[in-house]
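**Q** okay, here's the prediction I keep looking at, along with the sequence it came from:
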Amino acid sequence: MLKSLRQCSLFRYVGTLPEDVLSDKHLPISHNKVCFISIALKSAYFSLLCLVLMFSLTAAVFSQDTSQSASPIIDFNHNATNFPLNGAHSGVTCDGCHVNGNLTNTPTTCVGCHNNGIASGRSVTHPPSGNTCSQCHSTNNWTAFAFDHTNATGNCSDCHNGKAATGKSINHIATTNRCDACHVTSDWVTVRFDHASVNGACSTCHNGVTATGKSANHIPSANTCDDCHVTTNWTSVRCDHASVNGACSTCHNGVTATGKSANHIPTSNTCDDCHVTTNWTSVRFDHASVNGACSTCHNGVTATGKSANHIPSANTCDDCHVTTNWTSVRFDHNATNGACSTCHNGVTALGKHSTHIPSSNTCDDCHVTTSWTNVRFDHNAVSGTCVTCHNGTVATGKNTAHILSSNSCDSCHVTTNWTNVRFDHNEVTGSCSSCHNGVKATGKPNGHFQTNQQCDTCHSTTNWTTVRFSHSSAAFPSGHNARDCADCHIGNSEASAWRFPAYRPDCAGCHANEYKPGPHKKYENPNTVFYRVDELRDCAGSCHVYTDSTLTTIKKRRNNEHRSTDGDF
């Protein structure tokens, strides 16, 4: 039959078909036979006949055993149509597309045949896409495809789910976004990031590995970046202190952010001990960590200072006060720098009671603040006399055997050693003999001039051995004070009798026996005569020398030759 087909008069005009046309492969018709087909097609009838014969021939050829060799029986150039057969289509039988031999209205789109009717269509696992299969597939190799995302009609995740196609990696940021919200199919690694649908924390990505994290000088904070930042403008920050986990001074140091002002109180407090971030000027003060002295602030300018009637004290307020209750005071006298009486005046605080000994107002000379009744007496602070206290009632007074004296105890005694006495006779009110009686104190020695006069009649307490006595009697001749008492009081008696009573009260009354007539010449003519003692009884008188015994003419005048005040008669 094949031989008769080759000898058909139609094929003499058309030419012979290559041998392999009759095989299972549908090869393109040889190009050098096109001219004969063109002549045949000049007639519509002839064209129709050729087409009928061609399909009849095709059916006959494919009904034979393909193992038999045959020579080409027809040449048909399918490339001349609007649907060239290439790739896998070149091996498809004619009726694989021309169903029931229908050569007209044959579909030319992929989906026209690949609809699971004429040919296999998209599988149920095929990603949602348009019907232009050739955008991804080629007829040469269906399973090797170049994916064109422009033809995909579903969401990215319909395919990129880790099964149909690569899905989000395990280190992908947490997000509900569609892939194309950030990625483009033409360049997957170039991302236009849309933070809007990221459902993880910022630090999930912004950790310094996946994406830029907090810089080395970022303030210590939680990792909730969007507490302060917005994704549209990262540098415009609305600081939320609630997320800051470092100390305030980590930022508020005058460099990163405003720090403590120059006139801020000295403190080691963290700022939030006193301040709140919602209202900085409204301060709840915490004294606990203030490291300056109270007066650094409580100076009447920065904060209330000591009142005008405050007791004089140091500026260490917390010596007495506590910050939790200012009016409840635990008094510490060590911090007081004024005198005790500044407060202990009977008005501000208890003062000296009415029976207190006269003293200065320096209470701590005697008292201590820890035990007021335990007194260490300091006599230096006493302003009254000793006897004010040492009167036998308030304090020990003079004993019954004490010498008669004034009450100025400190004239003789010292407060540091009462028994060590420096005696001051000026304060003795009794007579010398009250003490100097040989019992209490040294009395008159044996052989002392017998007298009833008190010691200080002749002696002084500053120089006992130098005796001074002033004779008050009118009979006592002047100028005789330098003589020894015994010169006159020859009987060791206070009363002294005239030795030569006939001559009293003149010098001869005592000194008649000492008269020497030789120096006392009276006249020399007619013979030499000397004065008698009775004539010159007053040594201080005149003793003229006359020319003769008539005693009418004075030869030599002599007056006051002797004076008791000369000291040497």
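**A** That came in fine, so what should we check first?
**Q** what's the pLDDT at Arg532?
**A** pLDDT recorded at Arg532 is 91.
**Q** can you tell me how far it is from His520?
**A** When CB to CB, to the nearest Å is the yardstick, Arg532 and His520 sit 9 Å from each other. Backbone N, C-alpha and C define where each C-beta goes, glycine included.
**Q** likewise Trp498?
**A** Counting by CB to CB, the gap from Trp498 to His520 is 22 Å.
**Q** go on, Cys507?
**A** 13 Å.
**Q** so these two - more neighbours on which side?
**A** The residue with more neighbours, out of Cys507 and His520, is Cys507; 23 against 17, by other CB atoms under 10 Å.
**Q** please work out how many residues are found near the closest residue to that one other than its chain neighbours.
**A** The shortest distance from Cys507 to any non-neighbouring residue, by CB to CB, 6 or more residues apart in numbering, is to Cys539 (4.1 Å). Around Cys539 there are 18 other residues, counting by other CB under 10 Å.
**Q** for Cys539, what are its contacts?
**A** Neighbouring residues of Cys539 by CB atoms under 8 Å, 6 or more residues apart in numbering: 506-508, 511, 561-562, 569.
**Q** poorly predicted segments of this protein, please.
**A** 1-75, 481-483, 566-569 (pLDDT under 70).
**Q** domains in it, by residue range?
**A** Per automatic domain parsing, the structural domains of the chain span 2-106, 441-471+478-494, 498-569.
**Q** quick one: end-to-end distance for stretch 497-511.
**A** From its first residue to its last, stretch 497-511 covers 13 Å (CA to CA, to the nearest Å).
**Q** how far off centre is that stretch?
**A** Put simply, stretch 497-511 sits 107 Å off its chain's centre (CA atoms, centre = their mean, to the nearest Å).
**Q** and the contacts of it?
**A** Residues contacting stretch 497-511 (CB under 8 Å, 6+ apart): 475, 477, 488, 491, 512-513, 515, 533-534, 536-540, 562, 564, 569.
**Q** try 6 Å this time
**A** Outside stretch 497-511, the residues within contact range by CB atoms under 6 Å, 6 or more residues apart in numbering are 475, 512, 533, 537-539.
**Q** okay, buried residues for that stretch please.
**A** For stretch 497-511, burial by neighbour count (16 or more other CB atoms under 10 Å) applies to 500, 503, 506-511.
**Q** which one of those residues sits closest to Ala174?
**A** Minimum distance to Ala174 across the buried residues of stretch 497-511 is 147.7 Å, recorded for Cys510 (CB to CB).
**Q** what's the distance between that closest one and Phe530?
**A** Going from Cys510 to Phe530 by CB to CB gives 21 Å.
**Q** so what's the residue count around Ser405?
**A** Using other CB under 10 Å, Ser405 has 20 neighbouring residues.
**Q** quick one, what contacts it?
**A** Taking CB under 6 Å, 6+ apart as the test, what Ser405 contacts is 427-429.
**Q** save those residues as a markdown table, and put in secondary structure too.
**A** Converted to a markdown table, the contacts of Ser405 look like this (DSSP: H, G, I helix; E, B strand; the rest coil):
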| residue | secondary structure |
| --- | --- |
| Glu427 | helix |
| Val428 | strand |
| Thr429 | coil |
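**Q** including distance to Cys386 and neighbour count, could those residues go into a markdown table?
**A** Output for the contacts of Ser405, formatted as a markdown table (distance: CB to CB, whole Å; neighbours: other CB atoms under 10 Å):
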| residue | distance to Cys386 | neighbour count |
| --- | --- | --- |
| Glu427 | 11 | 16 |
| Val428 | 16 | 19 |
| Thr429 | 15 | 10 |
